[in-house]
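Asker: fold the stuff below for me.
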Amino acid sequence: MRMTHHLDTATILAYAAGSLDDCLSVVAACHVAMCGHCRVEVRRAEAIGGALLDTAGSSKLSSGSLKEAMEIIESGDKPNSVPNEN
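Answerer: Okay, the predicted model is just below:
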């Protein structure tokens, strides 16, 4: 099967970051599995994201951060926003 359409850059970046909603993530995964061009673009986006994480500085966590994160994970809810650094 020859692909004639490709995922747009925003979708590729969101897919590589894991921030697409579940339905779009499945669609993107199926497309990437069949499309060599988009597969290369996803790998490139993942490499860029990894490099950014490698160079990012660390920050101190509050004493309740681990407990809060575990509660979110166990509840299955997705957080509405990223907490502000104070």
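Asker: ok, the spatially closest residue to residue 20 that is not a sequence neighbour to residue 59 distance?
Answerer: In space, residue 20 comes closest to residue 14 once its chain neighbours are excluded; the distance is 4.8 Å by C-beta to C-beta, 6 or more residues apart in numbering. C-beta here means a position set from N, CA and C on the backbone, and glycine is covered the same way. Here residue 14 is placed at a distance of 24 Å from residue 59 (C-beta to C-beta, to the nearest Å).
Asker: likewise residue 22?
Answerer: As judged by C-beta to C-beta, residue 22 and residue 59 stand 29 Å apart.
Asker: try residue 75
Answerer: 24 Å.
Asker: again with residue 21
Answerer: Computed with C-beta to C-beta, the distance linking residue 21 and residue 59 is 28 Å.
Asker: the two: which is more packed in?
Answerer: The neighbour count for residue 21 versus residue 59, taken as other C-beta atoms under 10 Å, is higher for residue 21 (9 against 6).
Asker: need phi/psi at that one.
Answerer: phi -70, psi 170 (degrees, to the nearest 10).
Asker: got it, and residue 6?
Answerer: Torsion angles at residue 6 (phi, psi; degrees, to the nearest 10) stand at phi -130, psi 160.
Asker: number the residues from 52 up from this point.
Answerer: Right, with 52 as the first residue, what we last looked at is residue 57.
Asker: quick one, longest helix in this structure?
Answerer: If you go by DSSP state H, the chain has its longest helix at helix 87-106.
Asker: so which bits of that one are buried?
Answerer: 89, 92, 93, 96, 97 (16 or more other C-beta atoms under 10 Å).
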